[in-house]
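Novice: From the sequence below, what's the structure:
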Amino acid sequence: MEKLLSIDDLTEMLGVTKATIYSWTSQNKIPHIKLSKRLLKFRENDIIDWISKKSINAESSAVDKQNHRTRHAISPRHDGIERIISNAKEKILHRS
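Specialist: I've put the predicted structure just below:
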């Protein structure tokens with residue numbers, strides 16, 4: 001059976017607060033399993049896939065880079081989320 005992560009596992013892995021995880025799950029921004037009204041679990045492979053999909057290719061075109069800068073101007077929180085995702089990917093890669 002695939003490993004299921006608790007919210008505590010995920011907060012440690014991603015370096016975010018429980019409030020952030022709850023917010024992301026309520027907005028369906030992160031894959032999760034709702035076992036009951038108050039119990040959330042996360043499939044480790046789903047989280048790894050989710051993180052990898054958030055990755056930005058370092059060799060992206062100049063147009064992609066310009067679009068990325070424009071999104072940052074619109075959403076200053078975007079940079080923080082990208083940093084969190086990058087840190088989580090590093091933790092996962094070093095754990096394997």
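Novice: Okay, now the unreliable bits of the chain?
Specialist: Where the chain drops to pLDDT under 70, the residues are 57-79, 95-96.
Novice: can you rerun that using 50?
Specialist: Along the chain, segments meeting pLDDT under 50 span 61.
Novice: can you give me how far the helix or strand hosting residue 47 is from the chain middle?
Specialist: Per DSSP states H and E: residue 47 is located in helix 44-53. Computed by Cα atoms, centre = their mean, to the nearest Å, the chain-centroid distance of helix 44-53 equals 8 Å.
Novice: which residues touch that helix?
Specialist: 2-5, 10, 13, 30-31, 85, 88-89, 92 (Cβ atoms under 8 Å, 6 or more residues apart in numbering). Any C-beta I mention is one placed from the backbone N, CA and C, and that applies to glycine too.
Novice: Mind checking which of these are buried?
Specialist: When neighbours are counted using 16 or more other Cβ atoms under 10 Å, these contain these buried positions: 5, 10, 13, 30, 85, 88-89, 92.
Novice: With secondary structure and distance to residue 45 as added columns, please give those residues in JSON lines.
Specialist: As requested, the buried ones among the contacts of helix 44-53 are exported to JSON lines (DSSP: H, G, I helix; E, B strand; the rest coil; distance: Cβ to Cβ, whole Å):
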{"residue": "5", "secondary structure": "strand", "distance to residue 45": "10"}
{"residue": "10", "secondary structure": "helix", "distance to residue 45": "13"}
{"residue": "13", "secondary structure": "helix", "distance to residue 45": "13"}
{"residue": "30", "secondary structure": "coil", "distance to residue 45": "13"}
{"residue": "85", "secondary structure": "helix", "distance to residue 45": "16"}
{"residue": "88", "secondary structure": "helix", "distance to residue 45": "14"}
{"residue": "89", "secondary structure": "helix", "distance to residue 45": "14"}
{"residue": "92", "secondary structure": "helix", "distance to residue 45": "11"}
